[in-house]
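Participant: For reference, the sequence and a predicted model appear below.
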Amino acid sequence: MARVTLLVGDRRGRFPGSNCLIIKGAKNAVLIDAGCKREQVESARNHVDAVLYTHIHPDHITHHELLRGKPVIAPAADAAYESLEALAQRYAPEAWREWLRYVDTVFGLRSVPRADRAYEPWEEVRVGDVSIETIPAPGHTQGHTLLIIDGHLHLSDIDLTSFGPWYGHPESSITQFISDIAAARAVRAALATTSHRERAFTPEELDQELDRYLRALCRQAQEVHAALRRSGPAKPRSLAGAGVIYKKYIPGMEEIMRYFERMMIWKLLDHLTLVGAAKRTGRGLYEAGQPPDCTQIAGHTI
């Protein structure tokens, strides 16, 4: 049976910090992600046989260059992206230069890890005597993956933070994210960890945390609905910057945060339209319908 150790990153794992895992079998060991503290990654380098990424996002690959020479295992959806510029064009096509400045300023990234092996959704990845089950969770990003190791569930960026789900890229999906949360709930693992919380959760605790996480999404949707009622028919761009998603922008990161917020508001407006709490006009504007409740938004009583 493999032993799972949570390596809590900077700021107790809170973004832009991130946690890693070390999975140790009787003979082999695997590092999960490389966004924890620099000294943790340096130490792990001498004791692991490979590094597996849950997805290729800046906070999960921060110190990947310290692992040069170790086999890299990455989701198939991410494996083709071999440069930061390619990732920037993927994650922020309308603001890719701002995205590059953001990852340079915040993470000091100059490159991305190149995959030696790509894993497919639902694949069981084996590294010697270590076995890792993969569960695709593409609501966050197309490559985002949950992991199961001998009854331990790693939720990666179903991160259980008070901010709630993050779905700020064009490829992200609120509907899929809600489905991913339901899939995580169904696993019923003995313990669960995330990339941005500093402890493990029992099944009972996890149920409570997932409900709280969905309530954060509900609050976001209700705040967007309220903003739409105040403004009248509007486009997502006009609602960004008013504290609906981000209460304030970090100095020097205003443009990329505005881009992410606009993406999230757009997806929330589409989701509100899907549940009948907003509608889209022929001119591409959204207008508010009846105020939504959390059961409508989350498809689940919370």
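Facilitator: That came through fine. Since we're looking at a predicted model, the values are computed, not measured.
Participant: make it CA atoms for all contacts and neighbour counts henceforth
Facilitator: Fine.
Participant: For this protein, just list every one of the strands.
Facilitator: 3-7, 20-24, 29-32, 50-52, 72-75, 117-119, 124-127, 130-136, 145-149, 152-154, 191-193, 278-280, 286-288 (DSSP state E).
Participant: Mind putting those into CSV with mean neighbour count, mean pLDDT and distance to S231?
Facilitator: Listed next are the strands of the chain as CSV, based on neighbours: other Cα atoms under 10 Å; pLDDT from 0 to 100; distance: least, Cα to Cα, whole Å:
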stretch, mean neighbour count, mean pLDDT, distance to S231
strand 3-7, 18, 98, 45
strand 20-24, 22, 98, 43
strand 29-32, 26, 98, 45
strand 50-52, 23, 98, 46
strand 72-75, 25, 98, 42
strand 117-119, 18, 98, 46
strand 124-127, 15, 98, 50
strand 130-136, 20, 98, 38
strand 145-149, 23, 98, 38
strand 152-154, 25, 98, 41
strand 191-193, 23, 98, 40
strand 278-280, 20, 95, 13
strand 286-288, 23, 95, 9
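Participant: Which among those is found nearest to E39?
Facilitator: strand 3-7 (10.7 Å; Cα to Cα).
Participant: The closest one: partners in the sheet, and parallel or antiparallel?
Facilitator: Applying DSSP bridges to the sheet, strand 3-7 is found paired with strand 20-24 (antiparallel).
Participant: Domain-wise, how is this protein divided?
Facilitator: 3-201, 216-298 (automatic domain parsing).
Participant: Start and end of the first one, how far apart?
Facilitator: According to Cα to Cα, to the nearest Å, domain 3-201 extends 16 Å from its N-terminal end residue to its C-terminal end residue.
Participant: coming back round to it: quick one: closest of the domains of the chain to E209.
Facilitator: domain 3-201 (6.3 Å).
Participant: returning to that earlier point: please name whichever of the strands of the chain is nearest to E255.
Facilitator: Nearest of the strands of the chain (Cα to Cα): strand 286-288, 23.2 Å.
Participant: same for that closest one, what does it pack against?
Facilitator: helix 203-231, strand 278-280 (3 or more Cα pairs under 8 Å, 6 or more residues apart in numbering; DSSP states H and E).
Participant: can I get those in TSV with distance to P136?
Facilitator: Below are those laid out as TSV (distance: least, Cα to Cα, whole Å):
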stretch	distance to P136
helix 203-231	18
strand 278-280	30
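Participant: between these, which gets nearest to A92?
Facilitator: Once the helices and strands packed on strand 286-288 are compared by Cα to Cα, helix 203-231 is nearest, at 21.4 Å.
Participant: Next, the buried residues of the closest one.
Facilitator: Of the residues in helix 203-231, 203, 206-207, 209-225, 227-229 count as buried by neighbour count, 16 or more other Cα atoms under 10 Å.
Participant: for stretch 76-86, same thing?
Facilitator: Buried residues in stretch 76-86, defined by neighbour count with 16+ other Cα under 10 Å: A76, A77, D78, A79, Y81, L84, E85.
Participant: Pick out the shakiest of the domains of the chain, pLDDT-wise.
Facilitator: The weakest mean pLDDT among these belongs to domain 216-298, with a mean of 93.
Participant: dump the residue contacts of P170.
Facilitator: Residues near P170 by Cα atoms under 8 Å, 6 or more residues apart in numbering: Y91, A92, M263.
Participant: Which ones among those residues map onto helices?
Facilitator: Taking DSSP state H as the definition of helices, the contacts of P170 contribute Y91, M263.
Participant: which among the contacts of P170 gets closest to I148?
Facilitator: Nearest member of those to I148, counting by Cα to Cα, is Y91, at 26.7 Å.
Participant: Next, count neighbours for the closest one.
Facilitator: By other Cα atoms under 10 Å, 20 other residues sit near Y91.
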